[in-house]
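mind looking at a prediction? Sequence and model below.
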Amino acid sequence: MVGFHDERGDARGAAKLIDDYEAAHPNVKIERTYISFADIKNKLLLGSVGNQMPDIVWLDNPDHQAFAAAGILADLTEEIKEWGQADQYFDGPWSSTMYEGRNYGVPIGSNNLALYYNKDMLEAKGLKPPTTWEELKEAAKQLTGDGVYGFAMTAVKTEEGTFQFLPLMYQSGSDIDNFNSEGTIEAANLLKYMADNGYMSKEVINQKQSDTVVQFSTGKVAMMINGTWQIPLLRKEGKVNWGVVELPKNKQGGTILGGENWAITAASKHKDIAFDIIKFANEPERLKAFDQTAGRLPARADLLQDPFWQEDPDLKVFADAMKVAKARAYGPNYPKISEAIQIMIQEVITGAKSPEDAVKEAGAKIDAILGK
Amino acid sequence: MPHQSGARGGSPMSRRSKHASSWNNYLFVLPALLFIVVFIGFPLVYNLMLSFQNVSVYNLNGKHDFIGLSNYYKSLEDPVFYISLKNSAVFTVLSLIFQFTIGFALALFFNRKFPGRNLFRSLMLLAWMLPVVISGTVFQWMMSGDYGIINYFMQSLGLIDKPINWLSEGRTALLGTIVANIWIGIPFNMIILLSGLQGLPEHLYEAAKLDGANRLVQFRNITLPLMKPTILVLLILGIINTFKVFDLIFVMTAGGPVTSSTVLPIYAYQLSFSTYEFSQGASVSMIMFIILTLISIAYLRMSGKEEVHA
């Protein structure tokens, strides 16, 4: 018997996978447990103390290294070498499964962020979807009014907030290892500009990505930065005429990589069967069907060329961005780094601190965490 | 009773029988004792031990070192600890003052006889019976800056001229959670005070009326002194319950923006489950435990004196 922790609502894809595998291997019985995205980290950590671990788990990719460092995940380096498929995967997703040169998992599917916009609202003002920060600022200004905010992106005090902020920082030429720098301040100033002028609601600090998409799909927000996984929802329930473009450029373009990975727990008594299931799930045709059902982009370069992603104009925006999507592979201390950034974002948006001071303080915390 | 004679120092024979019977008596306590040891004692001791070690996500399943009071020093050096302590104090004191006075007023009101009294009394309890996650979410919506009903009413009445982001501004976030907590706590205060009021002897009030005491004098000289034990119990329970509130604040603001509504339980949770500093989180929980223990001891002293007076 193999336990299986999966996250979010993409249970359908997982259920099919399990049925298929059980049909092909009558002697294996897979027990699946659904755990919400927000709870999975804590469930796993507590489970590891109580020795109650499933065999296979799904992890949000920025947490992967922390779990590997905690000794919760099995080292799969040898098995994966034997499998010989590693070079089919994009570097970004793959790097998130590595810790100190060893491999602790296989990517499931990926996502990234892009700019969604309300076509009707932009047309009414004679605007084109923004391609640079200057155009973004101008569009947000013009689109604000009549109970509509020009721009929105979540700034909640969780990983979601950091996830949304980091690409702005990358575009301005900064990164975690030189956090206290011009680029980060510039990115923080963009948020300040939007919030202070009322082009973005200050309530974004309490609105999750799933709340932002509701505001957008009911016409309360004209443009939002959000992820790949919102497309199925917007198509099904969106009340507005929308489009999506890649994130506007500042000094450079770029976006951030999100997604989940497969891993096997160190405590598993069925590692061979568990890895067999992962291999089974990663056979290209099966992975493709799964990623389509679950609203994800394949983490495999060969699969991404499939017409499903290449011929759909909305999905193609995200598919193209995969080449420039940067993974959050910042080591096992990433959760603490992320918390420092979340606090900084909230300080800037609420006006509690100037961008310079907030960035400086967060930078000092991050340097201490990184041991610089 | 046999063991009483034993206690006065009788023959060895009777002393033995005293032992046997008291052992029997202890047996009756055993289930409750076991329950306390397993579900309260064990986690407490485990937490205490955790707070003296260096457990974080790195060595969760590996070797843990004993590091003495380092976690406590680290917590006491963190400015966020003092912000949380202050927020906890403000949250507890303001919540209690309003829960108690409004609850008392309602209890006095419902202590009168009028048609439909029982129905309204039960309805009042609904607020207390609702799961906190639901009340918290509803308050979060009502206090929303962009589409919240509270801003709508206040703007319609001309009290404010532009919307206030109650829960996403540092100045008002803690206040917002306090208002929600007051609303949740009123029914509990009311019910406990009401049951106390109903136990008060009617004849005292009749005698006071004959002596010409008005309602205010009756309240001050009869109701309040007689209600003192009930009030003390209520306040101590209130302090303990309010100091521990986690779910409501977590649902409404998660301690934010920044740290403006971070109370001690939220701070401990964030240490343990956002940044995975399990031992430091445990040290904050222990500090909370010590604070509440001190308050409880003070209470026991006070109620002990009360009994002597009576």
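Received it, and whenever you're ready, just let me know what you need.

outline the domain layout of chain A.
Listed domain ranges for chain A are A:2-110+A:257-321, A:112-256+A:331-370 (source: automatic domain parsing).

point out the most buried one among the ones you listed.
Comparing these by mean neighbour count (mean count of other C-beta atoms under 10 Å in any protein chain shown), domain A:112-256+A:331-370 comes out on top with a mean of 20. Heads up, the C-betas are built off the backbone N, CA and C, glycines and all.

distance between the ends of it?
Terminal residues of domain A:112-256+A:331-370 lie 26 Å apart, using C-alpha to C-alpha, to the nearest Å.

quick one: mean pLDDT for that domain?
Average pLDDT, domain A:112-256+A:331-370: 93.

is that domain in proximity to chain B?
Yes - using C-beta under 8 Å from any C-beta of the partner chain, domain A:112-256+A:331-370 reaches chain B at A:156-158, A:201-206, A:220, A:332, A:335-336, A:339, A:343, A:346-347, A:349-350, A:352.

does the residue most central in space within chain A lie in a helix or a strand, and which?
Taking C-alpha atoms, centre = their mean as the criterion, A:Gly258 is the residue nearest the geometric centre of chain A, at 2.6 Å. Using DSSP states H and E, A:Gly258 sits in strand A:255-264.

which helices and strands sit right next to that strand?
Packing contacts for strand A:255-264, counted by 3 or more C-beta pairs under 8 Å, 6 or more residues apart in numbering or on different chains; DSSP states H and E, involve strand A:56-60, helix A:64-69, helix A:91-95, strand A:106-118, helix A:159-171, helix A:271-281, strand A:325-326.

if you set the cut-off to 6 Å instead, what comes out?
The contact analysis (3 or more C-beta pairs under 6 Å, 6 or more residues apart in numbering or on different chains; DSSP states H and E) places strand A:255-264 against strand A:56-60, strand A:106-118, helix A:159-171, helix A:271-281, strand A:325-326.

how about the strands in chain B?
For chain B, applying DSSP state E gives no strands.

before we move on, back to that, what angle separates the strand holding A:Gly258 from helix A:159-171?
Relative orientation of strand A:255-264 and helix A:159-171, computed by axes from the mean of the first three to the mean of the last three C-alpha atoms, to 10 degrees: 130 degrees.

send me strand A:255-264 as PDB with only the CA atoms.
The C-alpha coordinates for strand A:255-264 follow below in PDB (Å, rounded to 0.1, in the frame of the first residue of the first chain):
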ATOM      1  CA  THR A 255       8.800  35.800 -14.800                       C
ATOM      2  CA  ILE A 256       8.800  33.400 -11.900                       C
ATOM      3  CA  LEU A 257       8.400  29.600 -12.000                       C
ATOM      4  CA  GLY A 258       5.800  27.900  -9.800                       C
ATOM      5  CA  GLY A 259       4.800  24.300  -9.700                       C
ATOM      6  CA  GLU A 260       4.900  21.100  -7.800                       C
ATOM      7  CA  ASN A 261       7.300  18.100  -7.600                       C
ATOM      8  CA  TRP A 262       6.900  14.500  -6.800                       C
ATOM      9  CA  ALA A 263       9.000  13.100  -4.000                       C
ATOM     10  CA  ILE A 264       9.300   9.900  -2.000                       C
END
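
circling back to that earlier point, just the ones of the residues of domain A:112-256+A:331-370 next to chain B in helices?
A:Pro335, A:Lys336, A:Glu339, A:Ile343, A:Gln346, A:Glu347, A:Ile349, A:Thr350 (DSSP state H).

leaving out sequence neighbours, find the closest residue to A:Asn180.
A:Gly363 (2.7 Å; C-beta to C-beta, 6 or more residues apart in numbering or on different chains).

and the gap between the one you found and chain B?
16 Å (C-beta to the nearest C-beta, to the nearest Å).

quick one: that residue and A:Ser181 touch, right?
No - contact criterion C-beta atoms under 6 Å: A:Gly363 and A:Ser181 do not qualify, at 7.8 Å.

for A:Ile56, list each beta-bridge partner.
Beta-bridge pairing for A:Ile56 (DSSP bridges): A:Phe4, A:Ile264.

ok, it touching A:Asp276?
No - assessed by C-beta under 6 Å, A:Ile56 is found out of contact with A:Asp276, at 10.5 Å.

sorry, back to before: distance to B:Val251 for the domains of chain A - can I get that in a markdown table?
Shown next, in a markdown table, are the domains of chain A (distance: least, C-beta to C-beta, whole Å):
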| stretch | distance to B:Val251 |
| --- | --- |
| domain A:2-110+A:257-321 | 12 |
| domain A:112-256+A:331-370 | 11 |
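
show me the contacts for the closest residue to the residue nearest to the centre of chain A other than its chain neighbours.
In space, and not counting its chain neighbours, A:Gly258 is closest to A:Asn111: 4.6 Å by C-beta to C-beta, 6+ apart. A:Asn111 sits next to A:Gly227, A:Thr228, A:Trp229, A:Gly258, A:Gly259 when contact means C-beta atoms under 6 Å, 6 or more residues apart in numbering or on different chains.

which parts of the stretch 1-150 of chain B sit against chain A?
For the stretch 1-150 of chain B, the contact set with chain A under C-beta under 6 Å from any C-beta of the partner chain comprises B:Val57, B:Tyr58, B:Leu60, B:Asn61, B:Gly145, B:Asp146.

are any of those residues buried, and which?
The neighbour count (16 or more other C-beta atoms under 10 Å in any protein chain shown) marks B:Val57, B:Leu60, B:Asn61, B:Gly145, B:Asp146 as buried among these.
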